[in-house]
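*Asks:* Turn this into a structure:
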Amino acid sequence: GVDGVLVKATGNETILGTKNFQDGIQVAGKTPVLTKATTDYAITDSKGNPAMFGGGYIKLYRRGDLVYLTASLKLAVGKFNQGVWFNPPDWARPIDKARFSLKREDNTNALFIFNSPGNGDNTIICVDKISANTWLNGSA
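*Replies:* Alright, predicted model coming up:
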């Protein structure tokens, strides 16, 4: 109880004080981002996929329930509407059709879609046409 008022274990309530939320908490109707980063991350680079990467990397990492992507890579082959990176880890799923852009060397955007439809066919798809040996940089 808080100030002699009984707080229920379930259901929505407005209270002043502290409550232990077993299934998570919300602030103003939204789940807060955890401030402590997890150690979950995955990286794909020219060592892990030499047919795709001429250099650089794509890295996924998680902070709480949010998954972030950073990339600095050179494609070894030209791409247009094709997959770039396969088999993201289980902790990065499900992310379905999240769109993000990476900058080309000439500072123009290249659009990508992270597609994880749940059937095991997980990939980052390069939507725009990108020539071989083009460097791409950015985060999402």
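*Asks:* CA only for contacts and neighbour counts going forward, please
*Replies:* Noted.
*Asks:* Just to check, N133 is in contact with G56?
*Replies:* No - with contacts counted by CA atoms under 8 Å, N133 stays clear of G56, the gap being 11.3 Å.
*Asks:* any residues in contact with both of these two?
*Replies:* Taking CA atoms under 8 Å, 6 or more residues apart in numbering as the criterion, N133 and G56 both touch K74.
*Asks:* These two: which is more packed in?
*Replies:* Remark: of N133 and G56, G56 carries more neighbours, 18 against 15, as counted by other CA atoms under 10 Å.
*Asks:* I'd like to know which elements the one helix or strand that one maps to is packed against.
*Replies:* Element membership for G56 (DSSP states H and E) is strand 53-63. Applying 3 or more CA pairs under 8 Å, 6 or more residues apart in numbering; DSSP states H and E, one finds that strand 53-63 makes contact with strand 41-45, strand 66-75.
*Asks:* quick one: strands adjacent to it?
*Replies:* Sheet pairing here is set by DSSP bridges, and for strand 53-63 it gives strand 41-45 (antiparallel), strand 66-75 (antiparallel).
*Asks:* list the buried ones in that strand?
*Replies:* By 16 or more other CA atoms under 10 Å, the buried positions in strand 53-63 come out as 53-63.
*Asks:* same deal with stretch 102-120?
*Replies:* 102-104, 109-116.
*Asks:* Lowest average confidence across helices and strands of the chain, where is it?
*Replies:* Sorting the helices and strands of the chain by mean pLDDT, DSSP states H and E puts strand 82-86 at the bottom, at a mean of 71.
*Asks:* want to throw the helices and strands packed on strand 53-63 into a markdown table with mean pLDDT, mean neighbour count and distance to I124?
*Replies:* Below are those laid out as a markdown table (pLDDT from 0 to 100; neighbours: other CA atoms under 10 Å; distance: least, CA to CA, whole Å):
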| stretch | mean pLDDT | mean neighbour count | distance to I124 |
| --- | --- | --- | --- |
| strand 41-45 | 76 | 18 | 12 |
| strand 66-75 | 85 | 18 | 11 |
